[in-house]
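*Asks:* Need the 3D shape of this:
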Amino acid sequence: VQLVESGGGLVQPGGSLRLSCSASGFTLADYYIGWFRQAPGKEREGVSCISRRGLAVHYADSVEGRFTISRDNAKNTVYLEMNSLKPEDTAIYFCAASGSFSITAHVMCRSNSGDYWGQGTQVTVSS
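*Replies:* Just a heads-up that it's a prediction; the model follows:
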């Protein structure tokens, strides 16, 4: 069972990146998926979470209107499109999968919960 993030990198303020979270060893469609981030010296926070079929999503206030989460269950992949990036978006971004049947996208993000976690991908926003 493995989650692998990709797509991170260095980008200038105002730029865009698209992160991908790919699963192996299990079917991503059976799980809620969340993107979380952790900046140096700060606690990990939920950025965006999505329900199994993508019908419900949650965004942190700090990224609402700039980030878009989506999933392609046929490809076993979840994406995070990040636009209008700011220096404060700099962090390691992790994806996580939750198999709970008593969770919502909002709860997953706010509780930092997940059964499986990826290793993370670095996003640096700097001029």
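*Asks:* Contact partners for P87?
*Replies:* By C-beta atoms under 8 Å, 6 or more residues apart in numbering, P87 lies in contact with P13, V125, S126. All C-beta atoms are positioned from the backbone trio N, CA, C, and that covers glycine.
*Asks:* Ignore what I typed, I meant V57.
*Replies:* By C-beta under 8 Å, 6+ apart, the contact list for V57 reads S48, C49, I50, S51, I69, A105.
*Asks:* L80 is in contact with the fifth one, correct?
*Replies:* Yep, that's I69 we're talking about. Yes: proximity of I69 to L80 meets the contact threshold set by C-beta atoms under 8 Å, at 5.5 Å.
*Asks:* and for the two, which residues touch both?
*Replies:* W35, S48.
*Asks:* and V125, how many neighbours does it have?
*Replies:* Counted by other C-beta atoms under 10 Å, the residues lying close to V125 total 20.
*Asks:* Surely R110 is within a helix?
*Replies:* Yes: per DSSP: H, G, I helix; E, B strand; the rest coil, R110 lies within a helix segment.
*Asks:* Need the nearest residue in space to it, chain neighbours excluded.
*Replies:* Once flanking residues are discounted, R110 sits nearest to G46: 6.0 Å by C-beta to C-beta, 6 or more residues apart in numbering.
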